[in-house]
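A.B. asks: model this:
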Amino acid sequence: MKPEDRRQEIMDILMEAGSASVEDLASRFGVSKMTVHRDLDDLEQAGLLRKVHGGASIQSSPQFESDFRYREKIAAEEKRRLAQHAATLIEPGQIIIIDDGSTAGGVADYVKDIRPLTVITNNLSVINKLAAVAGIDVISLGGQYSKKFNGFFGITTEEALRSLRADMAFLSSSAIHGASAFHQDQEVVQTKRQMMKSAARSVLLVDHGKFGKSALHFLTGLDAFDMVLTGSEIEPSFEQGLKDAGIKLQKIGGKTAEDTA
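C.D. replies: Below is the predicted model:
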C-alpha cells in the first residue's frame, strides 16, 4: 500500500472511532510502529489530527479543532434542532450569513422554502446545497480553501465580507467558557468576527457539549450575540451562569424553544 493511501485509511479510521493506538494501526496495516509514527507525524503537520500518548486522536482539544466530517457526527440530532429553529428567524427577502461551522451550516437545510433569500457564506457545504435552488442567491466568499474546515478563509474572505452587509449572521463556536466563545484557529476567529460586523444581528448556535470548554483564541463575549441557541440538554449550572450574566439564551427541545434569559 502506498503511504498516501495508508494515511487516508488512517484518517478514515479516526473519522469513525475518534482515536486509535499506534499498535493497532501497525497491526492493521502490517507495518512497523515507526512507519505509523511517520504517518501520524505527517498528518499532524497537515493539521488533520493530534498525536497523543500511544496513538492519535481527531477529537477536539484547546489547541486542535477536529475535521468537519467528524464534527458533523457529534450531537447531530441536537444540531438539527438548533438549525431548524434558527431558520424560523429568517424572513423572505432577507440577506443572511452562514459560517463554516457544522451547526450553523445546518441552517441551509431549512431555508429552501424561504424565498427570495440571499445567502452569504464561506461554507462549501452550504454553497453546494443552495447553489441550484431557485429564488436563493448565493454569494460565496472567496479565499484559501481549508479541507479540514470545508470552508474559505484568509484576507480575501475578510475583504469580501467588509464590502457586504446582511440582516443576520448565523455562527457556531467550538468552545464556550463562562460567558465567552473561543476557537482553536485564529483565521477562523477573524472571519467569524468580520461576519458579525457585517450583519445587523448575530445568532450563535452551539450544542450543549461545547459549554465548559475553552480553546486557544478568544472569539467574543456571548453578549455580542442577539441570541444564543443551544439544546435543552445543557447542564443547569452552565444555564444559570449564562442567565446571571444576562445572556439571551434559548434552549431548543424536541418541540419547543425556551427562553431562559
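
A.B. asks: Check the gap between S66 and M34 for me.
C.D. replies: 26 Å (Cβ to Cβ, to the nearest Å). All C-beta spots, glycine's among them, are computed from the backbone N, C-alpha and C.

A.B. asks: higher neighbour count, the two?
C.D. replies: S66 (24 against 10; other Cβ atoms under 10 Å).

A.B. asks: so the more buried one, which of the three states?
C.D. replies: coil (DSSP: H, G, I helix; E, B strand; the rest coil).

A.B. asks: quick one: contacts for it?
C.D. replies: For S66, the contact set (Cβ atoms under 8 Å, 6 or more residues apart in numbering) comprises 58-60.

A.B. asks: Buried among the residues you listed? Need that as a selection in PyMOL.
C.D. replies: Selection of buried members from these for PyMOL, criterion 16 or more other Cβ atoms under 10 Å:
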select buried, resi 58+59+60
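
A.B. asks: now the contacts of S66 as a markdown table including secondary structure and pLDDT?
C.D. replies: Listed next are these as a markdown table, based on DSSP: H, G, I helix; E, B strand; the rest coil; pLDDT from 0 to 100:
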| residue | secondary structure | pLDDT |
| --- | --- | --- |
| I58 | coil | 89 |
| Q59 | coil | 85 |
| S60 | coil | 81 |
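
A.B. asks: Which of the contacts of S66 sits closest to K197?
C.D. replies: S60 (26.2 Å; Cβ to Cβ).

A.B. asks: do you know how far P92 is from A108?
C.D. replies: P92 is 16 Å from A108, by Cβ to Cβ.

A.B. asks: repeat for A56
C.D. replies: Noted for A56: a distance of 31 Å to A108, by Cβ to Cβ.

A.B. asks: and what of A26?
C.D. replies: The value you get for A26 to A108, if Cβ to Cβ is used, is 41 Å.

A.B. asks: same deal with S202?
C.D. replies: Distance from S202 to A108, by Cβ to Cβ: 17 Å.

A.B. asks: Looking at the two, which one has more neighbours?
C.D. replies: Higher neighbour count among S202 and A108: A108, with 25 against 22, using other Cβ under 10 Å.

A.B. asks: residues in contact with that one?
C.D. replies: If you count contacts by Cβ under 8 Å, 6+ apart, then A108 has 98, 119, 121, 123, 125-126, 129-130 around it.

A.B. asks: again, only using 7 Å
C.D. replies: Listed by Cβ atoms under 7 Å, 6 or more residues apart in numbering, the contact set of A108 reads 98, 126, 129-130.

A.B. asks: Neighbour-wise, which one of the residues you listed leads?
C.D. replies: I98 leads the contacts of A108 on contacts (other Cβ under 10 Å) with 31 neighbours.

A.B. asks: now the strands: where do they sit in the stretch 1-150 of the chain?
C.D. replies: For the stretch 1-150 of the chain, applying DSSP state E, counting those that start in this stretch gives strands covering 19-21, 50-52, 55-57, 95-98, 117-121, 136-140, 144-146.

A.B. asks: Show me how far the helix or strand just after the last one is from its chain's centre.
C.D. replies: Sequence-wise, the next helix or strand beyond strand 144-146 is strand 151-153, with elements assigned using DSSP states H and E. With Cα atoms, centre = their mean, to the nearest Å as the basis, the distance from the averaged C-alpha position of strand 151-153 to the chain average is 12 Å.

A.B. asks: What average pLDDT does strand 151-153 get?
C.D. replies: Averaged across strand 151-153, pLDDT comes to 96.

A.B. asks: residues in contact with the following helix or strand past that strand?
C.D. replies: Next helix or strand after strand 151-153 toward the C-terminus (DSSP H and E): helix 155-162. Helix 155-162 is contacted from outside by 122, 141-143, 190-191, 194-195, 198, using Cβ under 7 Å, 6+ apart.

A.B. asks: For those residues, give me TSV that also has pLDDT and neighbour count.
C.D. replies: Shown next, in TSV, are these (pLDDT from 0 to 100; neighbours: other Cβ atoms under 10 Å):
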residue	pLDDT	neighbour count
N122	97	30
L141	96	26
G142	89	12
G143	94	20
Q190	97	19
T191	97	25
Q194	98	20
M195	98	27
S198	98	20
